[in-house]
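**Student:** I would like to see how this sequence folds:
(chains A and B)
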Amino acid sequence: MIKAILIFNNHGKPRLIRFYQYFAEDMQQQIIRETFHLVSKRDDNVCNFLEGGSLIGGSDYKLIYRHYATLYFVFCVDSSESELGILDLIQVFVETLDKCFENVCELDLIFHMDKVHYILQEVVMGGMVLETNMNEIVAQVEVQNRMEKSELCNQN
Amino acid sequence: MALKIVKGSIDRMFDKNLQDLVRGIRNHKEDEAKYISTCIDEIKQELKQDNIAVKANAVCKLTYLQMLGYDVSWAAFNIVEVMSSSKFTYKRIGYLAASQCFHENTDVIMLTTNQIRKDLSSPNQYDTGVALTGLSCFVTPDLARDLANDIMTLMSHTKPYIRKKAVLIMYKVFLKYPESLRPAFPRLKEKLEDPDPGVQSAAVNVICELARRNPKNYLSLAPLFFKLMTSSTNNWVLIKIIKLFGALTPLEPRLGKKLIEPLTNLIHSTSAMSLLYECVNTVIAVLISLSSGMPNHSASIQLCVQKLRILIEDSDQNLKYLGLLAMSKILKTHPKSVQSHKDLILQCLDDKDESIRLRALDLLYGMVSKKNLMEIVKKLMIHVDKAEGTTYRDELLTKIIDICSQSNYQYITNFEWYISILVELTRLEGTRHGHLIASQMLDVAIRVKAIRVFAVAQMATLLDNAHLLTGNMQRNGICEVLYAAAWICGEFSEHLENPVQTLEAMLRPKVATLPGHIQAVYVQNAAKLFATILKNQEGNTDSTAAQETSQMMIDRLPLFVQSANLEVQERASCILQLVKYIQKLQQKDVEVAEEVSALFAGELNPVAPKAQKKVPVPEGLDLDAWINEPPSESESEDEQPKAIFTKEEPKHSRPRHTEVDEKELARRREARKQEQANNPFYIKASPSSQKVYQEAPGVEHIPVVQIDLSVPLKVPATTPSHPTGLPMSDQYVKLEEERRQKERAEKKKKEKKKRKEKRSGRGKKHDSGPESEEDITPAHVVDIVTEEMPENALPSDDDDKDPNDPHKALDIDLDKPLADSEKLPVRSHRAAGAPKSSAEDGEAENATPQEPKKKSSKEKRDKKKDKERDRKRSKEEKKKKKHKHEEKEEDLLGGQAEEPVVQSEETKEVEAQPTSTSAEVSDLDFWLSNAPVPSNTQEAATVAEAAPAPEAPAGTAADSEPEEPKDTETEESKSSKHKKKKQKKEKEEKEKKKKKKHHHHHHHSDGGGEESVQNGTVEEEEPLPPMSNYCLLAENSYIKMMMEDADQVCDIQGNLQDGSQVVVSVIFENKSDSFLKSMEFNVLDSLNSKLQRPEGSGPHDGLTVPFQLPPGVSNEARFVFTVQSIVMPQKLKGTLTFIVKNEDSSTHEKLDFKLHFTCTSYLITTPCYSDAFAKLLESGDLKSSSVRLEGVNMPFHHLLARICFHHHFSVVERIDSCASMYSRSIQGHHVCLLVKTSGQTVSIDAKCDEPTLLGNVLDEIKQTFSQC
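**Tutor:** Next up is the predicted model:
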């Protein structure tokens, strides 16, 4: 199970947070801060796994993250997930973002947090991996975006 | 109205949307909070409007603000409004907001039930999808109960997009509403074979999550998953399945055996690192689960270790990390294979990545041995010096201590070295772990008596240089060490070289700056020191020295009397008065030393951490009973006693090592006992101690090695900044090396002599090879005092699971048939009634009404079978037939049109599952029992083919259904609990017999009990006489020696996991009044059969029986034999030697016995289906033979039970007075019997592919019946 997905930038500003277990808002912010603190002090050429973030869950949990330019993508997962698998999943997610936003950059995530959520919803659902095939994900996202567009056109 | 809408959209144009909000926040960096609060006010206004577009926009902005940490729960109702919009765009916004901020306690959630239900049944699949996604995040028990049925319906939706979401969300529903698991499970299982890979993967995902928590309930799915594993190409699915198998194998070792080959193939073939890694991981899990039974999987271990080495050597840090992680799993069971990669792991300690260094450290813990401990610790000490950052250094420190102290200091051969390491560690700056070092010092000094002299000297130096430790406030943590130092110097002050100097050091004014609890120890131990000094000085004629010491105490102690710390103050004032009084006496020339030292007489022994818990409740004491009348309710509420001086301790502070599970502990204990037994220098702590079962033979005769103090005890002053020359510990490393070398040389000499003496002996393995573990002897007599336990301590731990684990509720037997009451609640009135019918169809399919259909099909099949037998067609034709037949049956069951036509028998079984539990279990059993021949997949396939009828195991047993489940379960002979019970029973029985002075036949048959159930194949109510496979061993000598020795009874059984292993269980019973100990069991190996001995022991060494026997006690030990050929019965001669210990004398005794391995003991009860049985008989590969028994006077079912029990057969089919039976040898020979009876004559026709074996088995059967 994936327990949380956090995206924040090099300064620790959250760009997307998605908890699959309830935490109160202040707790969420604390988790983000702590995770950022753990992740940001690591060099880029060290491994992408981190044990023992104290806030989310105990010894069964791991932080698996990737660092792209200005953004950190951090997944907090338990031992039922394959470490390398999750790394691949992050890659799939980022590539999907890249396709949907055409050369994604941090600004896209800043201004379109909702869209990023919708894309993520096609990849992970309720903490479990839903789809790993990028083309399938992109196709579903695009259909829904078209629906949205046509609804808005009809209204105006 | 129209105006309103227009107005709304005009308003909207002036509203901020999400992008504006974000931009605004970015432009107000300095007063962000203020800006956002104005925005929230705007949003509140917007939410008040009727226009849904405006509301949705507001909610969208709230979602963003929630991410920044603002609580938006006040808008929950508005979110629900937006969720219920008919437009997808808004609905999506609403659900997103809900999924971000709703939780179980959000009260508006209960308003959403109907809305969600409506969305779930929406014709637009994306409405449904959005609802499912949202629901997955905020599902509550109520929602789960109300919507479970709707979601289950969606699992069969036409769109795979919906199906996969519905399948995934079921996991959340199960968690919140566990009752839904059983009704929904059949459909979930169906989805494992969904044509859409996404749905399939979702189903695998859910079942893996479920199975991870409660694996035993999912064992029956193993065949299906196995098929998926060999057929799927989706790496995601493969990884999940392989991980799942990793969780299942510990429960079913045969599964592991079956898995090894396909996994190995995957390891060789896959290019995906993630898959490779998971394969290796699961192979490791398999090997771990098998390691108890069979040591010869070295090829697989080698493969794993090799692959992991490649990973670790990879430049990719991730692979390196994972490689180390997996390596640590192997380490637990196969430390030898990992140890050879020590170089690599030490190298990883230098890695720049902390994650990797920590992993490597973890590995080191398991890799140490007596031989390399010093070397490894030396490396670590270098790292300690180099390490930057206190966290890593602290980690290193704790690891060093862990490594050295593990399993009761098992690997330490030289405690002087260890003490000096601890002393060196005190020089660490800013460590938090001073208390750890301190407790190690205390532990070693208390428990290793021989080291006390040395330890005391070291500690005295530490005390002398205390200023170096405490000088810097930053190093506060380390001053804990002084606590230990002071205590050791005080407690063992008789070993001090210059006690006065130490006393002086302990009373320095500077001490007053130490933490209170340390000062208290200082004061107390100053008193102890004082007592010792008095004692030393009393003999002298000059009494001034003694008086000077008293004066010093009187001068210095007032400093502590003024202490703010209560403890210090109290102790100091007590002692001060005492000393003053002593001084008075001294002045009168009274001898006081005796009395003063009496204050501190006696030795303190360590108490085991669990000792308190293990005190058994005395008989007749009921702890739950009230002593007085219970107080009235109202009082008890608020009156809790308050601690006055100390804060109450947090309740969860349990000692760390209680978490180690009992099995592991037992294993370690065992290992340690072995270790101690092999260690001639080990001296038992005290005869009363319960823990010690064993003593090395003849301890008295072993020469005690003198402590060779070639290193001066004086420690060079520990100057922290510039340690001069070699650190202390290094000197010990050198010395130890030299010592070992000398020892080795001596040993070689001796061995040479030996070799000269007997030249003709077989080639010796380890005389020229590298030094082995056992060869290294400790430097001096090491007496590790065991921790004290109360008398009659209970040996087992009660395991405590987390009662709050949500998965506990999901521990549900999924194979039982569904009851009507278990159907999911279907709501009575609904808005849109479309998908209801299909839901109910699904229900009906899974529920009970299937029974009659089933029966009819069974009858048909039976008929068919008979016909087939009559015709005796060729195999191929029959197979075709069966296929047709199966397809027909599929139609009968009807209605699974979307199912793909993947018709292997295994899936069929699984589908038919809910109706026949017992068949299910034995199906799995059968599937697994083919495991030994995985190399030939085709063969495996045909065997599986042969078992299509789920209800086949006892075809005629239809009328005895209730007994069947038990029957199959015990036949599996894997439930060890049962077995143990049985054995206990038999022991008791045995004892009873003894009293009657009965003499034993091979097998006995009286007493009473329920064992009849275990014999299987019981059809009538009439109870069967219980039977035992235990027979008397060593009868002759036994009678002669009956007075004082053990009585052995044994049971020989083939080990099902290995084609060449036989396990012999021997019960030793002490019939004498004396204590029996040091039992050694030895057998003269024959060419064919060999006793398995631990690695490193010679071919003629005996095995130590791992327990001792007090009078009247019996216990059981198991011995493993390897056997090559099993077609002939065999006899092995053996002896048991032991020491009989009376109060005043002890004598060596010996008992000879003969182990009789009958051919029967090579047979394993294996269930067989009648079809498979018929096919086997027709195959023509089997040789036949027959035997007639006359004068058998017992009911037929007793006779069958007897054959089943004594000769490990199972009944395939029974018709009246005729029965077919089947068994299998450990090497895979089939043995088939046809037993007929008429009057008192029983004829047995038998077939087997090995005629010699068959002949012998028949002889044995004959013998069994001739004896009764």
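**Student:** Export only the CA atoms of stretch B:1216-1236, formatted as PDB.
**Tutor:** Taking Å, rounded to 0.1, in the frame of the first residue of the first chain, the C-alpha atoms of stretch B:1216-1236 are listed here in PDB:
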ATOM      1  CA  ASP B1216     -18.500 -53.000   1.200                       C
ATOM      2  CA  SER B1217     -15.800 -55.400   2.200                       C
ATOM      3  CA  CYS B1218     -13.300 -54.300  -0.400                       C
ATOM      4  CA  ALA B1219     -11.100 -51.300  -0.400                       C
ATOM      5  CA  SER B1220      -8.400 -49.700  -2.400                       C
ATOM      6  CA  MET B1221      -5.600 -48.000  -0.700                       C
ATOM      7  CA  TYR B1222      -2.700 -45.900  -1.700                       C
ATOM      8  CA  SER B1223       0.600 -44.700  -0.400                       C
ATOM      9  CA  ARG B1224       3.800 -43.200  -1.700                       C
ATOM     10  CA  SER B1225       7.400 -43.700  -0.700                       C
ATOM     11  CA  ILE B1226       9.600 -40.800   0.100                       C
ATOM     12  CA  GLN B1227      11.400 -41.400  -3.200                       C
ATOM     13  CA  GLY B1228       8.100 -41.400  -5.200                       C
ATOM     14  CA  HIS B1229       7.300 -45.000  -5.600                       C
ATOM     15  CA  HIS B1230       3.500 -45.600  -5.800                       C
ATOM     16  CA  VAL B1231       2.100 -48.400  -3.700                       C
ATOM     17  CA  CYS B1232      -1.400 -49.500  -4.400                       C
ATOM     18  CA  LEU B1233      -3.400 -52.100  -2.400                       C
ATOM     19  CA  LEU B1234      -6.700 -53.800  -3.000                       C
ATOM     20  CA  VAL B1235      -7.900 -55.300   0.300                       C
ATOM     21  CA  LYS B1236     -10.700 -57.800   0.400                       C
END
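**Student:** pLDDT (mean, whole number) over it?
**Tutor:** Stretch B:1216-1236 shows a mean pLDDT of 83.
**Student:** Name the residue of the stretch 351-500 of chain B that lies nearest to chain A.
**Tutor:** B:Asp353 (3.8 Å; C-beta to the nearest C-beta). C-betas here are computed from N, CA, C, even on glycine.
**Student:** ok, A:Met134 - contacts?
**Tutor:** Going by C-beta atoms under 8 Å, 6 or more residues apart in numbering or on different chains, A:Met134 touches A:92, A:95-96, A:99.
**Student:** most neighbours, which of the residues you listed?
**Tutor:** A:Thr96 (23 neighbours; other C-beta atoms under 10 Å in any protein chain shown).
**Student:** who touches that residue in this structure?
**Tutor:** A:119, A:123, A:134, A:137-138, A:141.
**Student:** now it, what's its secondary structure?
**Tutor:** Assigned by DSSP: H, G, I helix; E, B strand; the rest coil, the conformation of A:Thr96 is helix.
**Student:** so what's it scoring on pLDDT?
**Tutor:** pLDDT at A:Thr96 comes out at 94.
**Student:** For A:Ile90, see how far away it is.
**Tutor:** Using C-beta to C-beta, to the nearest Å, A:Thr96 is found at 11 Å from A:Ile90.
**Student:** quick one: pLDDT of B:Asn78?
**Tutor:** The model's pLDDT for B:Asn78 equals 92.
**Student:** Can you spell out which helices and strands pack onto the helix or strand hosting it?
**Tutor:** Using DSSP states H and E, B:Asn78 maps to helix B:76-83. Judged by 3 or more C-beta pairs under 8 Å, 6 or more residues apart in numbering or on different chains; DSSP states H and E, the packing partners of helix B:76-83 are helix B:52-67, helix B:88-101.
**Student:** Quick check: the residue of chain A nearest chain B.
**Tutor:** Closest contact between chain A and chain B, by C-beta to the nearest C-beta, is at A:Gly126 (2.9 Å).
**Student:** can you pull the contacts of the residue lying closest to B:Leu210 once chain neighbours are set aside?
**Tutor:** Leaving aside its chain neighbours, B:Leu210 sits nearest to B:Leu810 (6.4 Å; criterion: C-beta to C-beta, 6 or more residues apart in numbering or on different chains). For B:Leu810, the contacting residues are B:174-175, B:178, B:181, B:210, B:213-214, by C-beta under 8 Å, 6+ apart.
**Student:** pLDDT and secondary structure added to the contacts of A:Thr96, as a markdown table?
**Tutor:** Listed next are these as a markdown table, based on pLDDT from 0 to 100; DSSP: H, G, I helix; E, B strand; the rest coil:
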| residue | pLDDT | secondary structure |
| --- | --- | --- |
| A:Ile119 | 95 | helix |
| A:Val123 | 94 | helix |
| A:Met134 | 92 | helix |
| A:Ile137 | 94 | helix |
| A:Val138 | 94 | helix |
| A:Val141 | 93 | helix |
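**Student:** Closest to B:His1100 out of those?
**Tutor:** Among the contacts of A:Thr96, A:Val123 lies closest to B:His1100 (C-beta to C-beta), at 65.2 Å.
**Student:** how far away is the residue nearest to the closest one when sequence neighbours are not counted from B:Leu468?
**Tutor:** Excluding its sequence neighbours, the residue lying closest to A:Val123 (C-beta to C-beta, 6+ apart) is A:Phe93, at 5.4 Å. Going from A:Phe93 to B:Leu468 by C-beta to C-beta gives 55 Å.
**Student:** How about B:Thr1147?
**Tutor:** For B:Thr1147 relative to B:Leu468 (C-beta to C-beta), the value is 59 Å.
**Student:** what's the neighbour count on residue 149?
**Tutor:** Defaulting to chain A. 11.
**Student:** wait, I meant chain B there
**Tutor:** Number of residues near B:Asn149 (other C-beta under 10 Å) recorded here: 23.
**Student:** ok, now B:Leu111?
**Tutor:** The number of residues near B:Leu111, taken as other C-beta under 10 Å, comes to 14.
**Student:** OK, contacts around it?
**Tutor:** Per C-beta under 8 Å, 6+ apart, neighbours of B:Leu111: B:77, B:80.
**Student:** Could I get the phi/psi values of it?
**Tutor:** Note on B:Leu111: its backbone torsions stand at phi -80, psi -20 [degrees, to the nearest 10].
**Student:** picking that back up, buried residues, the helix holding B:Asn78. List them.
**Tutor:** B:76, B:78-83 (16 or more other C-beta atoms under 10 Å in any protein chain shown).
**Student:** and what of stretch B:504-512?
**Tutor:** In stretch B:504-512, counting by 16+ other C-beta under 10 Å, buried: B:504-507, B:511-512.
**Student:** so which of the residues you listed would you say is closest to B:Tyr277?
**Tutor:** Once C-beta to C-beta is applied, the member of those that ends up nearest B:Tyr277 is B:Val511, at 56.0 Å.
**Student:** Which residue ranges of chain A form helices?
**Tutor:** Under the criterion DSSP state H, chain A carries helices at the ranges A:25-40, A:83-101, A:106-111, A:113-123, A:134-155.
**Student:** ranking those helices by burial, who's on top?
**Tutor:** Highest mean neighbour count among the helices of chain A (mean count of other C-beta atoms under 10 Å in any protein chain shown): helix A:113-123, with a mean of 21.
**Student:** residues in contact with it?
**Tutor:** Counting by C-beta under 8 Å, 6+ apart, A:5, A:7, A:15-16, A:18, A:89, A:92-93, A:96-97, A:100-101, A:108-109, A:129-132, A:137, A:140-141, A:144, B:18, B:22, B:60, B:63-64, B:67, B:92-93, B:96, B:133 sit against helix A:113-123.
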